[in-house]
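1. Predicted model, plus sequence, below.
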Amino acid sequence: MNIPAGHVMIVAAVLLATGLFGVIVRRNIVLVLMSLEIMLNAAALAFVAGGSARGADGQVMFLLILTLAAAEVSVGLALVLQLYRRFKTLDVSAAASMKG
Amino acid sequence: MTSVFYISSGIAVLATLLVVTRTNIVHALLFLIVSLLAVAVDLFVLGAQLAAALEVIIYAGAIMVLFIFVIMMMNLGKAEQEANRHRRSPAWLAAGVLSAVLLAELIYVMVANPGPPVGPGNDPREVAKLLYGPYVLAVELASLLLLSGLVGAYHLGRPEQSRAGTARRLDGSPADSSSGSARPTGLGRAERKTQLGAVVAESSGHDSAAIGGSNAGSGPVPTQEEPS
Amino acid sequence: MLDWLWVIPALPLAGFVLLVGLRGLPRPVIALIGVGSVGASAALALLAAVRYLSAAGPVVPIRQVLWTWLPLTSFHPTIGLHLDPLSLLMMVVVTFVAFWIHLYSTGYMACDGGYGRFFAYMNLFVGAMLVLVLADNLLLLYLGWEGVGLCSYLLIGFWYTDPANGRAAMKAFIVTRVGDAALAVGLLLLYWHFGTLDIQSIALQAPHVWVSGSGLAIAAAALLLGGAVGKSAQLPLQTWLPDAMAGPTPVSALIHAATMVTAGVYLIARMNAIFELALPVGQVVAVIGAVTLLLAACSALTQTDIKRILAYSTISQIGYMFLALGVGAYSAAMFHFMTHAFFKSLLFLAAGAIILGMHHEQNIFKMGGLWRRMPLTFVTFLAGALSLAALPFVTAGFYSKDLILYETLASQRGSPVLWACGLVGAVLTALYTFRLVFVVFFGPARREPQRGGSARGTAALGCGSFQAQKPEPPAPTHISWTMTLPLVVLAVFAIVAGAVELPKNVYQVTLLSDWLGVVLPAAPQREHLPSLAKVQIIAGAASLAGIVAAWLLYRRFPSAVRVLRLVRPWRQVYRLWQGGWGFDWLYRRLVVEPFVYLARANRRDFIDLFYGAIGESAKLLHAVLSWGQTGKVGWYAACLVIGAIVLITILVLT
Amino acid sequence: MMTRDLLALGPMLITAGGAVVLLLALAVCRSHAFASAWSVLVLAAALAAIPMTWPGAPASGDLLNLLAIDSWALAFWGIIFGSALVVCLLGFEYFRPLAVQAEEFYVLVLLSATGAAVLAAADHFATVFLGLELLSVSLFALAAYRRDQAISIEAGIKYLVLAGTSSALLLFGLALLYFHTASLRLSGLAGPLLAGHPDTIALYAGIALVLVAMGFKLGLAPMHVWTPDVYQGSPAPVSALVGSVSKAGAMAFMVRLAGVTLTGTPGVRNGVFYGLLVLAIASMFTGNLLALRQPNIKRLLAYSSIAHMGYCLLAVLPMAAGAALDRQAVFYYMLAHAVSILGAFGCVCAASENGREAQHVEDYRGLAWRRPVLAGVFSLMLLSLAGIPLTAGFLGKFYVLASGVRNALWLPAVCLVINSGIGLFYYLRVLGTLYQREEAESPDQFATSTAPSALLQPSPQLLLTHLTLAALVVLLIYFGLMPALASLPM
């Protein structure tokens, strides 16, 4: 197998940047959460790529990131419910009363 | 194998781009699942079978199901197309430029320092050995992390409490703490249902218990009441 | 030995904290805390003195470092106490006198609305003074110094509903601050040169670092003197003290006798090592003292307000102390400080009793014939007055003043001119003191005083019918034992306290000077010493002459004064003296009005524009940055990305 | 061996176990008082366990190889658990009148304190991110804890999205570092950086991403934007938690990171140094300028904490030498900051009535005449934040400045001094408001002996809050006068 690991990292970086883009521009809170998942997934991929030539530590980190994603999404979706209850919308820009 | 990697990576990137640009949230979600599956293929190619399996089972499986639940519960399909009309505004351009700059920097870094080549990958058994060897503390901490997510999701996702408490508080008079934090009474439960009715309006037949159950995500909520 | 030394300043401070923290306490509890803390402190101070004096072997200063503040750097300001004979004397006198003043105040202020506040401030005042006295480094001393200044401000303006009192407090604060600024610069100078503010190490190093008479030593001493002059109300910063009479009378007693004004004397005595290196400044000190004592005595002669007379007399007496310090007779200055503390506090307290008895009448010419009505007050006041007027061979005041006069002649730094000033001052002192006595206590009664000078205290302290809203406190209808006992005790001390140091032709006692000699150098003596007896007789004669003159002018031929006041040049002089030699007028013209004018003229100048521009640009930046706080999540995430881009760029490129 | 490991982990085990036990107990019986008392007890036990563990155990065995439980970590555990304890105390009376179910609050506080403790002791990428995330995930829910309030939900969402983003960046950075050094250990970084590793560019990029995440947690400009919104929207005890526990954990890790990554040839400053320098100066100015005219007291405190973290970085910058003095300065600064910010938010709690938080500066107008003791405490806390002598804040700032001067870091030191001046302006603005009279009142407040003393008779609903504040005042003065803790060996 002759994939340069740098290429895997580049794929991960592209996913990360795409996720960032999503977080910045999307107003739908569910889409923002999805973008977060994309970013976490990208980081997880990077860890596995980093570990492929070495011990299994990369996969352990992958697993740990997975738990993080699960925990974050559960709280995040609960917040989505609350947002919808308060503002009757999923637009995060509705929740921008605090500023200045 | 090499070509598989590049093809699946291409699919992943493409699908991800579609995720962040779609107006229809269900479409976006489907593209996200495609992206996750493509990444799972990448992981498999990299020799991380366990990671690939978990990516499919947990990411594309469990976690995405959570999203689907929420989307269905709120009946988001149509409403959200309106909210995303503002595409291709200057904000999108600026965000695109920012992300692109960051990406360019990262790619520059990776091209300048390509790092070691990809190795053969690791057996799931090695992962297991590590998990219950040097990483045992990390596993415990991960469980605490899940616990924390669970408690948080429970608290936030729990249906509204008796409205009486809220109304009294809005008046400014001190709410009676016992009724404020106690389990909702029968009346409260009924009210709760009506309130949820508004939330779950036109949802596809999930009752209120589904919210609590789906949000916890990682298991049953210990103090959740019986579904009515 | 004396590990508990820190308790002595801590007690009044704790009393302050308690009184401020726990408000709404019943009056007896307030009195118990206020008086008890100072009383306990005084008892401990006496105990410390006994322990210290009875210790075997040579007198060794005790140093107690409580803790080091800011220990990490080269600058180690310690919170430490230093006990040597000088600070011991100050500590004992301060706590002792302050205790009696506090006790007296429980009666005097009994009906005042701000009872708790009063005792809180008084305790803080004493605590700050003790910190000042016991400090082992100049920084802590400065802390106490400022604390004393703050308390004087609070107490002078105690009845703050009357704007005049507020103005007087402000004046005291601002005028002394002029001196404080000089002192602060002096401390910086000392720190700059010695790398420490520890008093003992400065005293040790000073002779090695600075040559005697070097410019820097003179500058340092002059700056310290500036501070001392401000605090001790000497020329040219004396103007605040007469106005400081706006406070309640016990406050005046405390300021004049024990705490504030003697701080300057203490500072010079404490830093004598610096002053010994700057003899020209010592000359200045002596001249300031001599001139001040004369000017203030003249002013005292013309005042009609009983408290103002005493105030000018304080300035004058501190002038004596400065004179002694200037000629190098440090222990004579401290001796006079001690006797002065007793008789001046006595005089103020007795004056307070008179003022209460006269329903807050302070004009002496509206009093008269009080000796019958208030016999106890009269006797004690007389004791104080005799001591102040330095009645020969009987009173403490005579011995201390005589010592100063003698040292002025005997010291190499003294001169006959200074001595003559002191002597004239002595005549004037006796004159104005007995003017006061004769006018107030003899002659026809001009107003019916309250009977009560001798009344035994009753348990229930009745108060007048006024309420606390009145700026003046309502008068207690009875003068309780708490007010008379301090008078008696202090009267005894005003007479006998001189026994610690007697001239050798009377009965040689040199307790005080031997004792203080450990820390304070003796004045260098001339070769041809003047005859002790001759000097004494002249001084005694001066005092007696003053008393007799007072009797003649104010008792025997009172019309003479009235006539005198009508004569044209005398009238001018009288007005000049009464106005305190016009210093207030001068300062208003020279300082206040130009400053106000400049401030008005400068309201919109270019420096303002500069600062305004800074302010405006800060506002502008604030507006820009606030605009960045849009509250939008997407923008916030973009900020994260910007941060990432910036950091990666910086880290990778450098 | 195992026993010693457990002992070393003791304080953390106590909080984690305490959280689980509390959760189980809540399944049986819900009681706010019990939950509060239990969490206070647990945190007190954790605090008490710290001296037993001191000065920390050497890493040994599987249990400890992910953490570095040294005196540094233990000292910060003291701050973290102590602050969490105060937050629990404040929370009891804050949540009591509210209709919100309050028991989970304590579980989450315990978990977040555990997370911060892990972060403070983290020596391995796994523990870095697990600690950080345990802290964050608990804080998401805590920030949104008052579900009945829109701004609380808003704060929760903002924090979730941004913390999620920053942790993704952190993870990517850690992955980069792992990829290029083959080590998941923090201390594994020093070697490659020193030895002229071929992939330094990637290493620095990875470190930069880690710094972004830590800067986010600490609220350093330009990653500071979330701070005011989260501080404002969260319930006041949670704001206090964010200001103390979360900052202490992140700063402890920041120093570890700086100690490893700033190493290099002495005198040669690498990119990490300049990165931190930019963060420090930007944070000082941004925080203070934003606070200048801020009318909301919670936002003002948020901005002030941005500036404070910038000040603190001044003592992190010379960490290359690893001088104990600089570490002590950072520790003392964080200690003082924790005490002051907890006290300030405690005052916000105490000033709030019936669940309505007194957020606006105007709410405090004339507080000194209504509740003089509270106003006095608040003034003390503000003075400490402003760095006025005789308070802990002054000594903290002094040490940090001394650290900067000792290491000839003139530019940030000058910036600190300038910013202290700017800072004084808005602290005094709030102080002035406290003492402004609302209307004419009786002239001699001090003397009215009939008025019930606020200290003797605090409103019974806020007894615990007042006692907590009193304890904080004592600590503030104590730390301001006797910096004994500043010379802990670290």
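-> Sure thing, it's come through.
2. roughly how far apart are D:T391 and C:T484?
-> Applying Cβ to Cβ, to the nearest Å, the value for D:T391 to C:T484 is 46 Å. All C-beta spots, glycine's among them, are computed from the backbone N, C-alpha and C.
3. The two - which one has more neighbours?
-> Higher neighbour count among D:T391 and C:T484: D:T391, with 26 against 23, using other Cβ atoms under 10 Å in any protein chain shown.
4. Got phi/psi on the more buried one?
-> phi -110, psi 160 (degrees, to the nearest 10).
5. Go ahead and confirm it touches D:L476.
-> Yes - D:T391 lies in contact with D:L476 (Cβ atoms under 8 Å); the separation is 5.6 Å.
6. anything in contact with each of the two?
-> Shared contacts of D:T391 and D:L476 (Cβ atoms under 8 Å, 6 or more residues apart in numbering or on different chains): D:A336, D:S340, D:L380, D:S384.
7. so which helix or strand takes in the second one?
-> With elements taken from DSSP states H and E, the one containing D:S340 is helix D:324-351.
8. In that helix, which residues are buried?
-> D:325-351 (16 or more other Cβ atoms under 10 Å in any protein chain shown).
9. and the helix or strand just after that helix, what does it pack onto?
-> Next in sequence after helix D:324-351, counting helices and strands by DSSP H and E, comes helix D:367-370. If you count contacts as 3 or more Cβ pairs under 8 Å, 6 or more residues apart in numbering or on different chains; DSSP states H and E, helix D:367-370 packs onto helix D:372-386, helix D:410-435.
10. Tell me which of those is the most buried.
-> Comparing the helices and strands packed on helix D:367-370 by mean neighbour count (mean count of other Cβ atoms under 10 Å in any protein chain shown), helix D:372-386 comes out on top with a mean of 24.
11. what is the orientation angle of the next helix or strand after it with helix D:372-386?
-> Note on helix D:372-386: by DSSP H and E, the next helix or strand toward the C-terminus is helix D:392-406. Angular relation of helix D:392-406 and helix D:372-386 on a 0 to 180 degree scale: 10 degrees, by axes from the mean of the first three to the mean of the last three Cα atoms, to 10 degrees.
12. Which strands and helices lie in contact with helix D:392-406?
-> helix D:297-316, helix D:324-351, helix D:372-386, helix D:410-435, helix D:463-481.
13. would you list those in CSV and tack on distance to chain C and mean pLDDT?
-> CSV is the format used below for the helices and strands packed on helix D:392-406 (distance: least, Cβ to the nearest Cβ, whole Å; pLDDT from 0 to 100):
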stretch, distance to chain C, mean pLDDT
helix D:297-316, 9, 92
helix D:324-351, 6, 91
helix D:372-386, 8, 90
helix D:410-435, 7, 88
helix D:463-481, 7, 89
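14. out of the ones you listed, which comes closest to C:R373?
-> Among the helices and strands packed on helix D:392-406, the nearest to C:R373 by Cβ to Cβ is helix D:372-386 (44.4 Å).
15. Please name every helix or strand in contact with the closest one.
-> Helix D:372-386 packs on helix D:297-316, helix D:324-351, helix D:367-370, helix D:392-406, helix D:410-435, helix D:463-481, going by 3+ Cβ pairs under 8 Å, 6+ apart.
16. Tabulate the ones you listed in CSV, adding columns for distance to A:G50.
-> Shown next, in CSV, are the helices and strands packed on helix D:372-386 (distance: least, Cβ to Cβ, whole Å):
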stretch, distance to A:G50
helix D:297-316, 28
helix D:324-351, 31
helix D:367-370, 56
helix D:392-406, 36
helix D:410-435, 35
helix D:463-481, 44
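17. top helix in the chain by residue count?
-> Since no chain was named, I'll use chain A. For chain A, the helix reaching the highest residue count under DSSP state H is reported as helix A:57-87.
18. wait, I meant chain C there
-> helix C:163-194.
19. all helices for the stretch 101-250 of chain D, in order.
-> D:103-121, D:125-143, D:150-181, D:190-194, D:200-218, D:226-233, D:236-241, D:247-261 (DSSP state H, counting those that start in this stretch).
20. which helices and strands sit right next to the last one?
-> Counting contacts by 3+ Cβ pairs under 8 Å, 6+ apart, helix D:247-261 is packed against helix D:71-95, helix D:103-121, helix D:125-143, helix D:190-194, helix D:200-218, helix D:271-291, helix D:297-316, helix D:324-351.
21. Now do that helix and helix D:103-121, the angle between them.
-> 20 degrees.
22. circling back to that earlier point, which stretch among the helices and strands packed on helix D:367-370 approaches B:Y6 most closely?
-> Nearest of the helices and strands packed on helix D:367-370 (Cβ to Cβ): helix D:410-435, 47.7 Å.
23. what packs against that closest one?
-> Helix D:410-435 packs on helix D:271-291, helix D:297-316, helix D:367-370, helix D:372-386, helix D:392-406, going by 3+ Cβ pairs under 8 Å, 6+ apart.
24. separation between D:L424 and D:A386?
-> Distance from D:L424 to D:A386, by Cβ to Cβ: 5 Å.
25. Run through chain A and note the low-pLDDT ranges.
-> A:1 (pLDDT under 70).
26. next one: chain D
-> Scanning chain D for pLDDT under 70 picks out D:1-2, D:56-62, D:264-268, D:320-322, D:354-355, D:438-460, D:484, D:486-487.
27. if we can go back for a sec, of all the helices and strands packed on helix D:247-261, which lies closest to chain B?
-> helix D:125-143 (2.7 Å; Cβ to the nearest Cβ).
28. just checking, what packs against that closest one?
-> helix A:57-87, helix B:136-157, helix D:103-121, helix D:150-181, helix D:200-218, helix D:236-241, helix D:247-261.
29. so can I have TSV of those showing mean neighbour count and distance to C:L187?
-> Shown next, in TSV, are the helices and strands packed on helix D:125-143 (neighbours: other Cβ atoms under 10 Å in any protein chain shown; distance: least, Cβ to Cβ, whole Å):
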stretch	mean neighbour count	distance to C:L187
helix A:57-87	26	58
helix B:136-157	25	56
helix D:103-121	30	42
helix D:150-181	27	50
helix D:200-218	27	39
helix D:236-241	30	40
helix D:247-261	26	36
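30. Just list the residues touching D:V40, thanks.
-> Contact partners of D:V40, counting by Cβ under 8 Å, 6+ apart, are D:L85, D:C88, D:L89.
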